[in-house]
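Trainee: Build me a structure from this.
(chains A and B)
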Amino acid sequence: MLFIIILILSFAAGYVLPWWVAAVIAFAATIYAGGQPGRAFWSGFGAVFIVWVALALFKSIPNNHMLAARVAVLFHAPHWLVLLFVTAFIGGLVGGFAALSGLLVRRVFEKPHHSANRIAE
Amino acid sequence: MKIVKAVFVVALTLTLIWALQTKFGDLPPIGGFLNPVSGFWQNAESKNILAEENLKLDGLLDEVIIRYDENRVPHIFAKNEHDLYYAQGYVTAADRLWQMDIQTRSAAGRLAEVVGNKALETDRYHRRMGMVYGAENSLQKMMQDPQTKLTIDAYTEGVNTYIRSLTPATYPIEFKLLNYKPENWKPINCVFLLKLMSETLAGGSDDMEMTNTLNKFGSKVTQNLFPDHDFQEDPIIPAGTQWNFKPLPVPKPSASFLSQMLSSNNKPANKVEGIGSNNWVVSGSKSASGYPILANDPHLHLTFPSIWYQIQLHGPGVNVYGVSLPGAPHVVIGYNQKISWGVTNVDADVLDWYQMKFKDNSYNEYWYNNRWNKTTRRTEVIGIRGQQSVNEQVVYTHFGPVVYENAGQKAKGAPGNVPVGTALRWIAHDESNEWRTFYLLNRGKNYSDYRRALSYYSAPAQNFVFASAGKDIAITPNGKMPLKFEDQGKFILDGTDPGNDWQGWIPFEHNPTVKNPSRGYVSSANQNPADATYPYFINWQFGSYDRGRRINDRLQAMPKITADSMRILQTDNYSITARDVLPTLLKYLDASKLDASQTQALAILKVWDKRYDATSQGASIFDSWWKAFYDLTWKDEFETTNETLRWPTRDRTIKMLLTNPDAKWFDNLQTPNRETCADIISQAFNTAVDNLRRKQGNPGVAWQWGKVRPTEIEHLAGLDGFGSGPFETGGTAGVINAISGGNGPSWRMLVQMGPKVQGYGVFPGGQSGNPGSFYYTNMLQTWKDGRLNPLLYLQSAAEKSNRIKTTLTLNSK
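Mentor: Below you'll find the model as predicted:
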């Protein structure tokens, strides 16, 4: 659920500046949806990772990856796919930590009973 | 506990985002650059282009139609001049904004603002040598002319409209890499481009090296080794042409100059061979069509984005096609229905150094004309990214700025050829309006329009070649040139003697020129503009005669010339130097003392066709041999550790080889024996073959010229992956196809005049400055192959052509 929310919203936000809006979305989505720390992190990580791969490829495929290949040479990367992976990984990290942040902030304001985790399921 | 955890992770997340947005060292902000929302991925252009596009823009007066052809050349159709130049600014910025920004920053001494401390010395030099001072002077003059003001203002408006349409996601990629924002374009930027050309083509000097040489060897030897006329000459204006003007009296050599020449002990920037150009035009009497054909290929240091930007400008009273400088209005080299024109560099001596005598270290007064004169100061504030700005107080004399007051001020990284304690007199400091020349040429109809346009031109002086549909041909080495005594400015001048000032100007009408010479063609390749009968001193040295001679030999011999035979001539690799010296080198070479490789190399050379083709092995051997011979001849006398000397020219070396094999210069001072010319030639051959063998292995395919001397066209900022990468090509500095060390033909153009004009052209790159565009390098292969694209010259916006791929319509908001 959380994964889907972040995926859809950050994809839509892919056309809004600045790029770290993805972090705000992951953060807000987790405050809303809650969950367990591990799951929150990987939902944020996975969703933004996938969105960034998709957004980069939307631009790069019609370009025959020509620019990505040039930039890969610039950074001495062996292949432009490495660049794509680093891009997505950075997005994933930001998404993951933002989601985790959201969850932990949510927990500060939660009543201390043990059903909180189940509500989000 | 929960709060601590939450605060910790939130802080970690924010730190991560901050770090990804921040520039560390030379790296761009990693997150800012890589994210697909606004980072470099956004610069990847799609191969699917829109066939129709409409935009509403501020400030247009009427509708403008821009049709892009298959090479992405814009053909602009506007209904008034304002809209025409507005649109030129708009489309040029859309393709070349970063190039425009960085080149004008470089000229203005503002690179450190974006790249930090490492560019400080370059900026200091540009500020201190008066680039901004000169640009301000010229801008003031240009803005007094209503036509020039209109074009520059409209162009600026168009560029700025484009800049306003950008978001951080759509900034050109280099802005993202260097992490700065495009700033508004200013009219003075259009002038900076001219000053940059003056710096490239008329900003070098060897006055300091020449003076050092004079001090070491005395005036007799120096004048003998560095004569004012070459041994081998083929002047631009055919020898024997009558000068149809009454010369002005030439100034007398100053007393200080004469004493400098007499005494052997005197108190008091480098030129690069290969930055030269070719142009020529044949008259109808020599062409197959009966109409003139014009050719031009300006050689410059080749870069990505491409130096030139192709464009067609159609408006009231004008329909012109050619190349423009990204960042300035008009077509600089091109043609219309009636005329075509091209340029090569003259290399007039328009930059001189004056040794100053200051009263004291305050530099407030200098001795000139037997009294103390006041200096003035100009403040230059140089911004540095991440650091405090630097304030430079530049001392100005009536000559111009004192570039470096003393050795302490000339920091490491400053150009070595600037003599300290001297004032600089440079043509590019003077007010001028070169854009008026191009405004008029773009609209020219005949020879008299050409002459009128040229009369406004100042610097850098160019050989303007011309052809008209009316079957006139002409060439004019042209620019504002000071009236000098013979050899004035060959050495550093004494700044206390008023006799050393520039004494006025050569009148425009007295610049060398020729129209419809009987031989049926004119040409230039940076060689001496005129023979010894020309009454004025322009410079003591020019490009050597080899390219010019080859062009003239061929044009003389070629009958029924067509555009295609001219194309082949433009990429001709035949070496006149090899023709002139190889038989003599071979004559002196002692073939009995050669080892196996050397014998093999000699056999290759003997059957070499004297062409620097990419596959030629003979070219590699000859080139290496000649360079070793030159070095061995002069090194012992001219390589010194404490001061830089000017080495004798290739022409002077050839003269000595052919006419004076016993010259003392052949003796190597570092050996007890007395070497002769033959000894040096044999030693040089051994050195040459050994060098080749060490680097390339045994004689064979690896010895091909294209492999021995690979070429590369780099990105302006030297970014890996954004240039061409190394490739094999023929050509060298002394042949028509002058590709050498990253320098070469930056635009090859041919124009067949006639009832219907037809142009052909190519440059090594593409129209777009975006490395993510399919039009970034698309013309490079055509250029490498020595082919040309037929240029599309539309007569109206509605003209049908299957080469048109996109139509962009601009309307006022």
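Trainee: okay, now the domains of chain B?
Mentor: Per automatic domain parsing, the structural domains of chain B span B:1-35, B:576-708.
Trainee: Distance across stretch B:764-777, terminal residue to terminal residue?
Mentor: Chord length of stretch B:764-777, first to last residue, is 7 Å (C-alpha to C-alpha, to the nearest Å).
Trainee: hang on, the earlier thing: in JSON lines: the domains of chain B, plus mean neighbour count, distance to chain A and mean pLDDT.
Mentor: The way it works is simple: take the backbone N, C-alpha and C, and place the C-beta from them, glycine included. Shown next, in JSON lines, are those (neighbours: other C-beta atoms under 10 Å in any protein chain shown; distance: least, C-beta to the nearest C-beta, whole Å; pLDDT from 0 to 100):
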{"stretch": "domain B:1-35", "mean neighbour count": "16", "distance to chain A": "4", "mean pLDDT": "90"}
{"stretch": "domain B:576-708", "mean neighbour count": "17", "distance to chain A": "22", "mean pLDDT": "94"}
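Trainee: Redo those domains as CSV? Include distance to B:Gln260.
Mentor: Formatted as CSV, the domains of chain B follow (distance: least, C-beta to C-beta, whole Å):
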stretch, distance to B:Gln260
domain B:1-35, 48
domain B:576-708, 16
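Trainee: which ones are touching the residue of chain A at minimum distance from chain B?
Mentor: Residue of chain A nearest chain B, by C-beta to the nearest C-beta: A:Val73 (2.9 Å). Contact analysis of A:Val73 by C-beta atoms under 8 Å, 6 or more residues apart in numbering or on different chains lists B:Asp720, B:Gly721.
Trainee: any idea which helix or strand of the chain has the worst average confidence?
Mentor: No chain specified, so I'll use chain A. Scoring the helices and strands of chain A by mean pLDDT, DSSP states H and E places helix A:116-120 at the bottom, with a mean of 45.
Trainee: meant chain B actually
Mentor: helix B:255-262 (a mean of 82).
Trainee: Show me what that one is packed against.
Mentor: Secondary-structure packing of helix B:255-262 (3 or more C-beta pairs under 8 Å, 6 or more residues apart in numbering or on different chains; DSSP states H and E): helix B:207-225, strand B:493-494.
Trainee: Work out the gap between that helix and the centre of the chain.
Mentor: Mean-position distance between helix B:255-262 and its chain equals 34 Å (C-alpha atoms, centre = their mean, to the nearest Å).
Trainee: repeat for stretch B:477-490
Mentor: Centre-to-centre, stretch B:477-490 and its host chain are 20 Å apart (C-alpha atoms, centre = their mean).
Trainee: start to end distance for it?
Mentor: End-to-end distance for stretch B:477-490: 20 Å, by C-alpha to C-alpha.
Trainee: Stretch B:532-546 now?
Mentor: End-to-end distance of stretch B:532-546: 19 Å, with C-alpha to C-alpha as the criterion.
Trainee: do stretch B:357-366 as well
Mentor: Stretch B:357-366 end-to-end distance (C-alpha to C-alpha) = 6 Å.
Trainee: quick one: that stretch to chain centroid distance?
Mentor: Relative to its chain's centre, stretch B:357-366 lies at 36 Å (C-alpha atoms, centre = their mean).
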